[in-house]
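Chemist: 3D model of this:
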Amino acid sequence: MSKIAIVGGGPAGLSAAIELRRLGVERVTVYERERHAGGIPRHTNHLGFGGRDLHRMMAGPRYAHALIDRVERAGAELRLGTPVFSLDQLDADAVILATGVRERPRAARLVPGDRPAGIFTTGSVQQLSMAGRRIGTRAVIVGAEHVSFSAILTLAHTGCRSVAMVTHLPRHQSYGVVKLATASWRRVPVLTGVEIAEIVGRRRVERVVLSDGRTIACDTVVFTGDWIPDNELARHIGLRMNPAIKGPAVDHAFRTSRDGVFAIGNLVHRVAAADRCALDGRAVAAEVVRSLA
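Modeler: From the prediction side, this is the model:
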(Lines give C-alpha, C1' and ligand atoms only; values in the text may rest on other atoms or scores of the structure.)
Protein backbone atom coordinates (compact mmCIF):
# COMPACT_ATOMS: atom_id res chain seq x y z
CA MET A 1 0.00 0.00 0.00
CA SER A 2 1.60 3.28 -1.15
CA LYS A 3 1.68 6.12 1.36
CA ILE A 4 2.35 9.72 0.34
CA ALA A 5 2.83 12.62 2.76
CA ILE A 6 2.27 16.20 1.63
CA VAL A 7 3.62 19.01 3.80
CA GLY A 8 1.54 22.13 3.24
CA GLY A 9 -2.20 22.53 2.76
CA GLY A 10 -2.31 25.37 0.24
CA PRO A 11 -3.46 25.08 -3.40
CA ALA A 12 -0.36 23.13 -4.48
CA GLY A 13 -0.54 20.57 -1.68
CA LEU A 14 -4.30 20.13 -1.85
CA SER A 15 -4.25 19.69 -5.63
CA ALA A 16 -1.47 17.12 -5.33
CA ALA A 17 -3.59 15.16 -2.84
CA ILE A 18 -6.65 15.22 -5.12
CA GLU A 19 -4.65 14.02 -8.12
CA LEU A 20 -2.78 11.32 -6.19
CA ARG A 21 -6.08 9.83 -5.04
CA ARG A 22 -7.44 10.02 -8.59
CA LEU A 23 -4.38 8.10 -9.78
CA GLY A 24 -5.07 5.37 -7.25
CA VAL A 25 -2.65 6.07 -4.39
CA GLU A 26 -4.21 4.40 -1.35
CA ARG A 27 -3.05 6.65 1.48
CA VAL A 28 -2.49 10.37 1.01
CA THR A 29 -2.01 12.60 4.05
CA VAL A 30 -1.74 16.40 4.00
CA TYR A 31 -0.02 18.00 6.98
CA GLU A 32 -0.92 21.66 7.57
CA ARG A 33 0.52 23.61 10.49
CA GLU A 34 -2.40 26.04 10.65
CA ARG A 35 -5.79 25.03 11.98
CA HIS A 36 -7.35 25.59 8.55
CA ALA A 37 -6.23 24.43 5.12
CA GLY A 38 -6.38 26.58 2.00
CA GLY A 39 -3.23 28.68 2.24
CA ILE A 40 -3.11 32.34 1.30
CA PRO A 41 -6.32 32.34 -0.82
CA ARG A 42 -8.54 31.78 2.22
CA HIS A 43 -7.47 35.21 3.49
CA THR A 44 -7.84 36.95 0.11
CA ASN A 45 -11.48 37.87 -0.41
CA HIS A 46 -11.44 39.08 -4.00
CA LEU A 47 -11.76 37.51 -7.45
CA GLY A 48 -8.80 36.08 -9.34
CA PHE A 49 -8.54 32.44 -8.26
CA GLY A 50 -9.30 29.16 -10.00
CA GLY A 51 -9.08 30.15 -13.65
CA ARG A 52 -6.27 27.78 -14.66
CA ASP A 53 -7.17 24.73 -12.59
CA LEU A 54 -10.92 24.83 -11.89
CA HIS A 55 -11.77 26.85 -15.02
CA ARG A 56 -13.91 29.39 -13.26
CA MET A 57 -13.07 32.65 -11.50
CA MET A 58 -13.65 32.75 -7.76
CA ALA A 59 -12.78 34.78 -4.69
CA GLY A 60 -9.97 33.38 -2.55
CA PRO A 61 -12.02 31.87 0.32
CA ARG A 62 -14.43 30.16 -2.07
CA TYR A 63 -11.51 28.78 -4.08
CA ALA A 64 -9.86 27.42 -0.92
CA HIS A 65 -13.14 25.83 0.18
CA ALA A 66 -13.60 24.22 -3.25
CA LEU A 67 -10.17 22.57 -3.04
CA ILE A 68 -10.72 21.40 0.54
CA ASP A 69 -14.08 19.92 -0.44
CA ARG A 70 -12.47 18.02 -3.32
CA VAL A 71 -9.74 16.68 -1.03
CA GLU A 72 -12.32 15.37 1.42
CA ARG A 73 -14.43 13.82 -1.32
CA ALA A 74 -11.30 12.22 -2.81
CA GLY A 75 -10.60 10.48 0.48
CA ALA A 76 -7.27 12.09 1.36
CA GLU A 77 -6.54 12.77 5.03
CA LEU A 78 -6.10 16.33 6.31
CA ARG A 79 -4.08 16.71 9.49
CA LEU A 80 -4.57 20.31 10.57
CA GLY A 81 -2.59 22.11 13.24
CA THR A 82 0.26 19.67 12.62
CA PRO A 83 3.62 21.28 11.85
CA VAL A 84 6.32 19.02 10.39
CA PHE A 85 9.86 19.54 11.66
CA SER A 86 11.49 16.36 10.39
CA LEU A 87 10.85 13.62 7.86
CA ASP A 88 11.09 11.19 10.79
CA GLN A 89 7.55 12.33 11.68
CA LEU A 90 6.23 10.97 8.39
CA ASP A 91 5.45 7.35 7.62
CA ALA A 92 5.53 7.65 3.85
CA ASP A 93 7.00 6.18 0.68
CA ALA A 94 7.40 9.66 -0.79
CA VAL A 95 7.10 13.22 0.50
CA ILE A 96 5.91 16.33 -1.34
CA LEU A 97 6.96 19.67 0.12
CA ALA A 98 4.39 22.39 -0.61
CA THR A 99 5.14 24.85 2.19
CA GLY A 100 4.77 27.98 0.03
CA VAL A 101 6.06 31.45 0.81
CA ARG A 102 5.65 34.18 3.38
CA GLU A 103 6.03 37.94 3.30
CA ARG A 104 9.07 39.55 4.85
CA PRO A 105 7.93 41.48 7.94
CA ARG A 106 9.31 44.84 9.00
CA ALA A 107 12.08 43.29 11.14
CA ALA A 108 13.46 41.24 8.22
CA ARG A 109 13.60 44.36 6.05
CA LEU A 110 15.63 46.25 8.66
CA VAL A 111 13.40 49.33 8.53
CA PRO A 112 14.57 51.69 11.30
CA GLY A 113 12.49 53.80 13.65
CA ASP A 114 10.14 53.32 16.58
CA ARG A 115 8.26 50.11 17.39
CA PRO A 116 4.67 51.31 17.87
CA ALA A 117 1.39 49.50 17.23
CA GLY A 118 -0.10 49.68 13.74
CA ILE A 119 2.53 47.75 11.72
CA PHE A 120 1.26 44.76 9.73
CA THR A 121 1.88 42.43 6.81
CA THR A 122 -0.79 41.82 4.17
CA GLY A 123 -1.51 38.42 5.68
CA SER A 124 -2.20 39.83 9.13
CA VAL A 125 -4.40 42.58 7.65
CA GLN A 126 -6.40 39.97 5.72
CA GLN A 127 -6.93 37.83 8.81
CA LEU A 128 -8.02 40.81 10.91
CA SER A 129 -10.37 41.92 8.15
CA MET A 130 -12.02 38.49 7.97
CA ALA A 131 -12.45 38.60 11.75
CA GLY A 132 -14.20 41.98 11.47
CA ARG A 133 -11.47 43.82 13.37
CA ARG A 134 -10.59 47.49 12.96
CA ILE A 135 -7.07 48.11 11.64
CA GLY A 136 -6.59 51.87 11.41
CA THR A 137 -7.70 54.98 9.53
CA ARG A 138 -4.75 56.02 7.31
CA ALA A 139 -2.36 53.43 5.88
CA VAL A 140 0.90 53.53 3.95
CA ILE A 141 1.48 50.37 1.93
CA VAL A 142 5.09 49.27 1.42
CA GLY A 143 5.46 47.44 -1.89
CA ALA A 144 3.72 47.59 -5.27
CA GLU A 145 3.12 43.94 -6.19
CA HIS A 146 -0.18 42.16 -6.92
CA VAL A 147 -0.75 41.59 -3.20
CA SER A 148 0.01 45.25 -2.46
CA PHE A 149 -2.90 46.42 -4.59
CA SER A 150 -5.06 43.74 -3.01
CA ALA A 151 -4.22 45.28 0.37
CA ILE A 152 -5.89 48.54 -0.72
CA LEU A 153 -9.22 46.72 -1.07
CA THR A 154 -8.79 44.79 2.17
CA LEU A 155 -7.99 47.95 4.11
CA ALA A 156 -10.95 49.77 2.56
CA HIS A 157 -13.20 46.91 3.68
CA THR A 158 -12.18 47.64 7.29
CA GLY A 159 -12.69 51.40 6.93
CA CYS A 160 -8.99 52.22 6.57
CA ARG A 161 -7.97 54.59 3.77
CA SER A 162 -4.71 53.94 1.92
CA VAL A 163 -2.90 57.27 1.59
CA ALA A 164 0.19 56.10 -0.32
CA MET A 165 1.92 53.09 -1.81
CA VAL A 166 5.72 53.14 -1.65
CA THR A 167 8.22 51.08 -3.66
CA HIS A 168 11.98 51.40 -4.12
CA LEU A 169 11.60 50.13 -7.69
CA PRO A 170 11.08 52.47 -10.67
CA ARG A 171 7.54 51.21 -11.32
CA HIS A 172 4.87 48.96 -9.85
CA GLN A 173 5.06 45.19 -10.47
CA SER A 174 1.39 44.43 -11.16
CA TYR A 175 -0.85 44.69 -14.22
CA GLY A 176 -2.08 48.06 -15.37
CA VAL A 177 -5.71 46.96 -15.03
CA VAL A 178 -5.06 45.93 -11.40
CA LYS A 179 -3.59 49.32 -10.60
CA LEU A 180 -6.50 51.03 -12.36
CA ALA A 181 -9.10 49.03 -10.41
CA THR A 182 -7.47 49.63 -7.04
CA ALA A 183 -4.96 52.45 -6.57
CA SER A 184 -6.22 54.69 -9.38
CA TRP A 185 -9.88 54.12 -8.53
CA ARG A 186 -9.31 54.96 -4.87
CA ARG A 187 -6.85 57.77 -5.65
CA VAL A 188 -3.91 56.18 -3.88
CA PRO A 189 -0.62 57.68 -5.12
CA VAL A 190 2.07 55.15 -6.05
CA LEU A 191 5.44 56.61 -5.03
CA THR A 192 8.28 54.92 -6.90
CA GLY A 193 12.01 55.03 -6.32
CA VAL A 194 11.68 55.69 -2.59
CA GLU A 195 11.78 53.64 0.61
CA ILE A 196 10.61 53.97 4.19
CA ALA A 197 13.57 55.53 5.96
CA GLU A 198 11.93 55.67 9.39
CA ILE A 199 8.70 54.84 11.20
CA VAL A 200 7.75 57.41 13.84
CA GLY A 201 5.30 56.92 16.68
CA ARG A 202 5.02 56.24 20.39
CA ARG A 203 2.06 54.00 21.19
CA ARG A 204 0.74 54.05 17.63
CA VAL A 205 2.30 54.88 14.25
CA GLU A 206 2.12 58.63 13.66
CA ARG A 207 4.01 59.09 10.41
CA VAL A 208 6.63 57.63 8.11
CA VAL A 209 9.70 59.38 6.75
CA LEU A 210 10.68 58.53 3.17
CA SER A 211 14.22 58.21 1.84
CA ASP A 212 13.77 61.46 -0.12
CA GLY A 213 12.89 63.37 3.06
CA ARG A 214 9.12 63.54 2.62
CA THR A 215 6.87 62.59 5.53
CA ILE A 216 3.41 61.01 5.37
CA ALA A 217 1.01 61.16 8.29
CA CYS A 218 -0.54 57.77 8.96
CA ASP A 219 -1.50 55.42 11.79
CA THR A 220 -0.92 52.16 9.89
CA VAL A 221 1.95 50.69 7.85
CA VAL A 222 1.44 47.50 5.83
CA PHE A 223 4.47 45.63 4.52
CA THR A 224 3.48 43.65 1.44
CA GLY A 225 5.14 41.12 -0.83
CA ASP A 226 8.93 40.71 -0.85
CA TRP A 227 8.25 37.00 -0.59
CA ILE A 228 10.63 34.37 0.74
CA PRO A 229 10.08 30.60 0.46
CA ASP A 230 9.05 28.87 3.67
CA ASN A 231 12.18 26.76 3.45
CA GLU A 232 13.00 25.76 7.05
CA LEU A 233 12.08 22.09 6.60
CA ALA A 234 13.90 21.86 3.27
CA ARG A 235 17.04 23.24 4.87
CA HIS A 236 16.69 21.07 7.96
CA ILE A 237 16.63 17.86 5.94
CA GLY A 238 19.66 18.97 3.94
CA LEU A 239 18.19 19.54 0.49
CA ARG A 240 20.34 21.28 -2.08
CA MET A 241 19.04 24.84 -2.39
CA ASN A 242 18.56 27.14 -5.36
CA PRO A 243 20.32 30.38 -4.35
CA ALA A 244 18.31 32.46 -6.81
CA ILE A 245 14.98 31.36 -5.30
CA LYS A 246 16.14 30.42 -1.77
CA GLY A 247 14.02 27.30 -2.06
CA PRO A 248 15.06 23.72 -2.81
CA ALA A 249 16.54 22.99 -6.22
CA VAL A 250 14.32 20.71 -8.33
CA ASP A 251 14.50 19.13 -11.76
CA HIS A 252 11.78 19.06 -14.44
CA ALA A 253 9.91 16.38 -12.45
CA PHE A 254 9.97 18.37 -9.18
CA ARG A 255 12.52 15.93 -7.69
CA THR A 256 14.84 17.38 -5.06
CA SER A 257 18.36 16.27 -4.21
CA ARG A 258 16.97 13.66 -1.79
CA ASP A 259 15.40 10.48 -3.14
CA GLY A 260 11.65 10.32 -2.61
CA VAL A 261 11.31 14.02 -1.75
CA PHE A 262 9.59 16.38 -4.19
CA ALA A 263 8.97 20.14 -3.95
CA ILE A 264 6.30 22.21 -5.68
CA GLY A 265 4.45 25.51 -5.73
CA ASN A 266 5.86 28.74 -4.44
CA LEU A 267 8.49 26.89 -2.46
CA VAL A 268 10.31 26.55 -5.80
CA HIS A 269 8.90 29.48 -7.83
CA ARG A 270 9.26 33.24 -7.76
CA VAL A 271 5.74 33.72 -6.41
CA ALA A 272 3.36 32.16 -8.90
CA ALA A 273 -0.42 32.59 -8.75
CA ALA A 274 -2.39 30.13 -6.62
CA ASP A 275 -3.94 28.29 -9.54
CA ARG A 276 -0.51 27.99 -11.21
CA CYS A 277 0.75 26.32 -8.03
CA ALA A 278 -2.30 24.03 -8.12
CA LEU A 279 -1.19 22.84 -11.57
CA ASP A 280 2.18 21.95 -10.02
CA GLY A 281 0.28 19.75 -7.62
CA ARG A 282 -1.41 17.88 -10.45
CA ALA A 283 1.85 17.47 -12.35
CA VAL A 284 3.91 16.22 -9.41
CA ALA A 285 1.30 13.55 -8.62
CA ALA A 286 2.04 11.77 -11.88
CA GLU A 287 5.76 12.00 -11.24
CA VAL A 288 5.40 10.56 -7.74
CA VAL A 289 3.30 7.65 -9.00
CA ARG A 290 5.87 7.02 -11.74
CA SER A 291 8.71 7.01 -9.21
CA LEU A 292 6.91 4.51 -6.98
CA ALA A 293 6.36 2.21 -9.93
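
Chemist: How about the contacts made by the closest residue in space to Asp280 that isn't next to it in sequence?
Modeler: Once flanking residues are discounted, Asp280 sits nearest to Ile264: 4.0 Å by Cβ to Cβ, 6 or more residues apart in numbering. C-beta here means a position set from N, CA and C on the backbone, and glycine is covered the same way. Taking Cβ atoms under 8 Å, 6 or more residues apart in numbering as the definition of contact, the neighbours of Ile264 are 12-13, 16, 96-98, 250, 254, 277, 280-281, 283-284.

Chemist: Domain boundaries for this structure, per the record?
Modeler: Using automatic domain parsing, the domain ranges for the chain come out as 3-102+228-292, 105-225.

Chemist: If I follow the layout properly, Ile216 ends up in contact with Glu206?
Modeler: No. The pair Ile216 and Glu206 fails to qualify as a contact (Cβ atoms under 8 Å) at a distance of 10.4 Å.

Chemist: Verify the contact between Arg104 and Phe223 for me.
Modeler: Yes. Judged on Cβ under 8 Å, Arg104 makes contact with Phe223 at a distance of 7.0 Å.

Chemist: quick one, which of the two is more surrounded?
Modeler: Taking neighbours as other Cβ atoms under 10 Å, Arg104 and Phe223 compare with Phe223 leading, 27 against 18.

Chemist: Excluding chain neighbours, what is closest to that one?
Modeler: Val142 (4.8 Å).

Chemist: same deal with Arg56?
Modeler: The nearest residue in space to Arg56 (Cβ to Cβ, 6+ apart) is Gly50, at 5.6 Å.

Chemist: Check that neighbour and give its pLDDT.
Modeler: What the model reports for Gly50 is a pLDDT of 93.

Chemist: By mean pLDDT, flag the weakest helix or strand of this structure.
Modeler: Among the helices and strands of the chain, strand 47-49 carries the lowest confidence by mean pLDDT, DSSP states H and E, at a mean of 82.
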